[in-house]
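>>> sequence first, predicted model second:
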Amino acid sequence: MATRKAINNSCTSLTSNCVNNLAPSGIRKFFDLVAGMEGIISLGVGEPDYVTPWHIREAAIYSLEKGYTMYTSNAGLPELRQEVSRYLAKQYGLNYAATGEILITVGVSEGLDLAMRAILNPGDEVIMADPCYVSYPACVCLAGGQPVRVPTRVEDNFELRAEAIEPYITEKTRAIILGYPANPTGAMMTRSKLAEIAELAKQYNLLVVSDEIYARLVYGIEQTCFASLPDMQYRTILLGGFSKAYAMTGWRLGYAAGHPEIIGAMTKIHQYTMLCAPIMGQKAAIEALRNGEPDIAEMVEDYNRRRLLMVNGFNAIGLTCFEPRGAFYAFPSIKITGMTSDEFSEQLLKEEKVVVIPGTAFGEQGEGHIRCCYATSVHEIEEALNRIKRFVDRHRA
């Protein structure tokens, strides 16, 4: 029998270089620090504080009572794919076939992973904003690609603009990842600016992966589905899901829609790795799409109140805050303290027991900012702002 020592001596590492070079999630670090601490207020978790609406939970319970505990087809229940097809047609005027052009995934995260593995060859480059959601560069790397980060700035509303993208395009560029409404900034992009990116994609023959998990959480601005732009439906891999708008984070359910060749390739990978999304969650998602619009409206109205409370609160403290127009995050500047984002976040946790995420968890351009989620109660937001004010008053540079 091989000993542990013998195994360790047989190679320089037991794990792949790709994984070894992958930085741990900057978000997860702060959850680990919180473990065992009492009196914590967390503005770090990116999920609704709502429980999944009862009629959606009831649909899952009923499915269990009826004995729906088996596998579904790899692509997902035909009934759910048909509902997704109807939803995209009604919401955005898009016509995707339920068979061949829609895949039910285990959350948008799996959809992103499948998309990257389906379209990338080793060394292919994928352009994305900096800052951006932590999974974007990680999934590109794990698929053998190279993430290319394009800096975005608060002065430009954290928009990933076509004129900023073009200098980063090379002969190796395969795709652009867009995530609007944006995590971590809450930024949105107008239809006209997205159309400029669409023209760039056509000019250089690029695919666009559009993460629209926050598409229904917008405030006073119209959200544009990227695939609805002229000639972009089949050049776009549209990723959507149920986690945010329907308060279904733990259900792990999403979908991908796009060109049948790409969806077919994603399904092929999915069938070997995940097989299918859980059937009871799929049954719940059917109910969400059919009868969940009032729930979305209620949550958006409530999030908007919390959004204004948090943004106004940060500005009053002196932490200048970009106004988020989508998702449920604020991204205030902490530069008046003279601290780095990591220093600010760690010291705030130790001194005032408030969890925020350093902006650098989302890229170098996040330095000088923190991400704060306002999908928590008004009481906790108010108390967190009081604690942050005390902290900032002590640490102004």
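Cool, got the structure. Numbers count the residues shown, from 1 in each chain.
>>> spatially nearest residue to residue 310 (excluding sequence neighbours)?
residue 374 (4.5 Å; C-beta to C-beta, 6 or more residues apart in numbering). All C-beta spots, glycine's among them, are computed from the backbone N, C-alpha and C.
>>> what count of nearby residues applies to residue 52?
21 (other C-beta atoms under 10 Å).
>>> so which strand or helix has residue 164?
In this structure, residue 164 sits in helix 162-165 according to DSSP states H and E.
>>> give me the helices and strands touching that helix, please.
strand 146-151, helix 191-203 (3 or more C-beta pairs under 8 Å, 6 or more residues apart in numbering; DSSP states H and E).
>>> one more pass at 6 Å, please.
If you count contacts as 3 or more C-beta pairs under 6 Å, 6 or more residues apart in numbering; DSSP states H and E, helix 162-165 packs onto helix 191-203.
>>> hang on, the earlier thing: so how far is the helix holding residue 164 off the chain centroid?
22 Å (C-alpha atoms, centre = their mean, to the nearest Å).
>>> what's the offset of the next helix or strand after it from the middle of its chain?
Remark: after helix 162-165, the chain's next helix or strand is strand 173-178, criterion DSSP H and E. In terms of C-alpha atoms, centre = their mean, the gap separating the centre of strand 173-178 from the centre of its chain is 16 Å.
>>> kindly report the same for stretch 66-74.
Worked out by C-alpha atoms, centre = their mean, stretch 66-74 lies 28 Å from the chain centre.
>>> what comes up buried for that stretch?
68, 72, 74 (16 or more other C-beta atoms under 10 Å).
>>> what does it contact?
267, 270, 271, 276, 279 (C-beta atoms under 6 Å, 6 or more residues apart in numbering).
>>> do stretch 175-189 as well
126-128, 131, 133, 136, 157-159, 206-211, 214, 221, 324-327, 329, 331, 362, 371.
>>> among those, which ones are buried?
126-128, 131, 133, 136, 157-159, 206-211, 214, 324-327, 329, 331, 362, 371.
>>> how about the CA coordinates for the helix holding residue 164, as PDB?
The C-alpha trace of helix 162-165 is given here as PDB (Å, rounded to 0.1, in the frame of the first residue of the first chain):
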ATOM      1  CA  ALA A 162     -17.800  49.300 -26.000                       C
ATOM      2  CA  GLU A 163     -15.000  51.800 -26.500                       C
ATOM      3  CA  ALA A 164     -13.300  50.400 -23.400                       C
ATOM      4  CA  ILE A 165     -13.700  46.800 -24.500                       C
END
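>>> so where do the strands sit in the chain?
For the chain, the strands defined by DSSP state E occupy 41-42, 102-105, 125-130, 146-151, 173-178, 207-211, 236-241, 254-257, 321-322, 329-332, 354-355, 357-358, 370-373.
>>> would you turn those strands into a markdown table with distance to residue 385?
Below are these laid out as a markdown table (distance: least, C-beta to C-beta, whole Å):
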| stretch | distance to residue 385 |
| --- | --- |
| strand 41-42 | 10 |
| strand 102-105 | 37 |
| strand 125-130 | 28 |
| strand 146-151 | 29 |
| strand 173-178 | 32 |
| strand 207-211 | 29 |
| strand 236-241 | 30 |
| strand 254-257 | 33 |
| strand 321-322 | 11 |
| strand 329-332 | 11 |
| strand 354-355 | 9 |
| strand 357-358 | 16 |
| strand 370-373 | 10 |
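>>> could those be laid out in TSV, adding distance to residue 166 and mean pLDDT?
Listed next are the strands of the chain as TSV, based on distance: least, C-beta to C-beta, whole Å; pLDDT from 0 to 100:
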stretch	distance to residue 166	mean pLDDT
strand 41-42	40	92
strand 102-105	31	98
strand 125-130	10	98
strand 146-151	10	98
strand 173-178	10	98
strand 207-211	14	98
strand 236-241	19	98
strand 254-257	27	98
strand 321-322	25	95
strand 329-332	25	98
strand 354-355	38	95
strand 357-358	30	96
strand 370-373	28	97
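>>> right, and those strands - which one's nearest residue 200?
The closest of these to residue 200 is strand 173-178. By C-beta to C-beta, the value is 8.0 Å.
>>> direction included, what does the closest one pair up with?
Paired neighbours of strand 173-178 in the sheet (DSSP bridges): strand 125-130 (parallel), strand 207-211 (parallel).
>>> which one of those strands lies nearest to residue 78?
Nearest of those (C-beta to C-beta): strand 207-211, 24.5 Å.
>>> distance of residue 333 from residue 165?
25 Å (C-beta to C-beta, to the nearest Å).
>>> which pLDDT value goes with residue 31?
Looking at residue 31, its pLDDT reads 68.
>>> buried residues of stretch 257-265, list them for me.
257, 258, 259, 262, 263, 265.
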